[in-house]
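# Starting from these lines, generate the structure:
(one chain, ligands or ions: 1)
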Amino acid sequence: MRDFPDDATCLNWLWQTRYAHDGEHAYCPKCETERAFKRYDTSQQRQSWTCTTCGHHIHPTAGTIFHKSSTSLTLWFYAIYLMTSTRCGISAKQLEREIGVTYKTAWRMMNLIRNELMEDEPDMMDGEVEVDETYVGGKRKNAKGRYPAKSTPVFGMVQRGGKVHAQPVRDASAFTLQPIIMKKVMPESTIFTDGHGGYQYIDTRGGYTHQRINHSEGVYVSGNVHTQTIENFWSLVRRGISGVYHNVSAKHLQGYLSEYVFRYNHRDDGAAMFLTLLLRAARP
Ligand SMILES: [Zn+2]
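Predicted coordinates:
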């Protein structure tokens with residue numbers, strides 16, 4: 001609120017970040033050269049800047065997630081801030097209350113922020129990598145230790161001390177999981193898993209050192225052999241989805257995962273998380 005107190009400030013930030021670093025000169029696509037631009041006051045809700053030579057208009061929000069929205073830029077910026085300001089995220093219901101828009105609008109805004117701004121494609125992992133699968137969306141494990149069919153399998157991995165990756169998968173077979181591991185983890189890394197059958201070919205086919213911890217025998221940590229880091233991430237996701245988001249359809253699961261992955265991977269950035277998302281929103 002201090003940095004972006006009103007719509008004019010937000011718009012001006014977009015103008016300077018995307019088009020005119022000095023606030024006055026920008027490339028004019030019609031003149032095909034750099035020109036001086038001026039903002040003339042009009043009755044439009046969002047002002048445009050005009051080329052002083054040819055009259056071409058530039059709208060600073062063109063091509064961004066803000067462009068076709070009637071919600072003010074201040075509220076958009078505030079929504080982005082709120083989604084980065086807590087470890088577990090906020091719900092559309094909370095956003096609705098916080099910024100005074102309808103539930104549907106809040107939900108749409110969050111979806112756009114998640115899918116357009118929060119998707120991270122981290123570098124390949126190496127060193128010590130924990131790999132694990134979980135099930136999201138259905139109820140918790142039943143008495144027999146099985147997950148109900150409705151829940152969606154999710155596969156993830158984390159480099160210890162580094163970043164996390166998570167994605168919904170069709171199933172948790174070796175056939176499905178192995179190619180993802182090979183795409184995301186550098187050869188000669190050490191991979192830690194539990195005893196799940198989907199990990200049986202990691203060492204022979206992937207060129208990795210494979211360390212297993214046998215949960216079915218009640219062992220969870222043996223020296224540095226464990227999958228606690230990725231399991232802590234899963235519990236954050238599961239807690240968030242059951243407590244904040246209630247039911248997540250398979251279709252929207254990737255968006256929610258992107259949101260959790262983004263916050264985890266930028267956890268040490270502090271306030272920079274907000275600026276990272278704003279800069280992504282300003283991408284051409
Ligand atoms: Zn021009």
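# Give me the below-cutoff pLDDT ranges for the stretch 151-284 of the chain.
Residue ranges of the stretch 151-284 of the chain with pLDDT under 70: 242-248, 250.
# can you give me the helices for it?
Applying DSSP state H, counting those that start in this stretch to the stretch 151-284 of the chain gives helices spanning 174-184, 202-206, 228-243, 250-265, 272-281.
# Regarding the residue of the chain positioned farthest from its centre, what is its secondary structure?
For the chain, the residue at maximal distance from the C-alpha centroid (C-alpha atoms, centre = their mean) is Thr53, at 41.5 Å. Following DSSP: H, G, I helix; E, B strand; the rest coil, the label given to Thr53 is coil.
# Return the distance of the closest residue to the ion within the stretch 151-284 of the chain relative to Glu121.
Taking C-beta to the ion as the measure, the stretch 151-284 of the chain has Pro284 as its residue closest to the ion, at 18.3 Å. C-beta here means a position set from N, CA and C on the backbone, and glycine is covered the same way. Here Pro284 is placed at a distance of 18 Å from Glu121 (C-beta to C-beta, to the nearest Å).
# And Phe262, by the same measure?
Per C-beta to C-beta, Phe262 is found 11 Å from Glu121.
# between the two, who's got more neighbours?
Phe262 (24 against 5; other C-beta atoms under 10 Å).
# Double-check the more buried one against Met118; I have them as touching.
Yes: counting by C-beta atoms under 8 Å, Met118 is a contact partner of Phe262 at 4.0 Å.
# which residue packs closest to Met124, ignoring adjacent ones?
Among residues not flanking Met124 along the chain, Met186 sits closest, at 5.1 Å (C-beta to C-beta, 6 or more residues apart in numbering).
# Any idea which residue of the stretch 101-250 of the chain lies closest to the ion?
Closest point on the stretch 101-250 of the chain to the ion, by C-beta to the ion, is Glu116, at 29.6 Å.
# how about the closest residue in space to that residue that isn't next to it in sequence, what does it touch?
Closest residue in space to Glu116, ignoring its immediate chain neighbours: Ile65 at 5.2 Å, by C-beta to C-beta, 6+ apart. The contact partners of Ile65, taken as C-beta atoms under 8 Å, 6 or more residues apart in numbering, are 76, 112-113, 116-117, 281.
# Could you measure from Ile65 over to the ion?
Using C-beta to the ion, to the nearest Å, Ile65 is found at 27 Å from the ion.
# any idea of the pLDDT on that residue?
For Ile65, the pLDDT comes out at 95.
# re the thing from before, would CSV of the contacts of Ile65 with neighbour count be doable?
Below are those laid out as CSV (neighbours: other C-beta atoms under 10 Å):
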residue, neighbour count
Trp76, 24
Leu112, 19
Ile113, 25
Glu116, 16
Leu117, 21
Ala281, 21
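# tally of neighbours for Asn265?
Neighbours of Asn265 under the rule other C-beta under 10 Å: 18.
# Would you check that it makes contact with Val164?
Yes: here Asn265 reaches Val164: they are 6.2 Å apart, a contact under C-beta under 8 Å.
# Would you agree Phe37 falls within a helix?
No: applying three-state DSSP, one finds Phe37 to be strand, outside a helix.
# I figured it hits Thr53, correct?
No: counting by C-beta under 8 Å, Phe37 does not reach Thr53; the two are 9.5 Å apart.
# Give me the common contacts of the two.
When C-beta under 8 Å, 6+ apart defines a contact, the residues bordering Phe37 and Thr53 alike are Cys28.
# distance between the ends of stretch 203-217?
Distance across stretch 203-217, first residue to last, is 22 Å (C-alpha to C-alpha, to the nearest Å).
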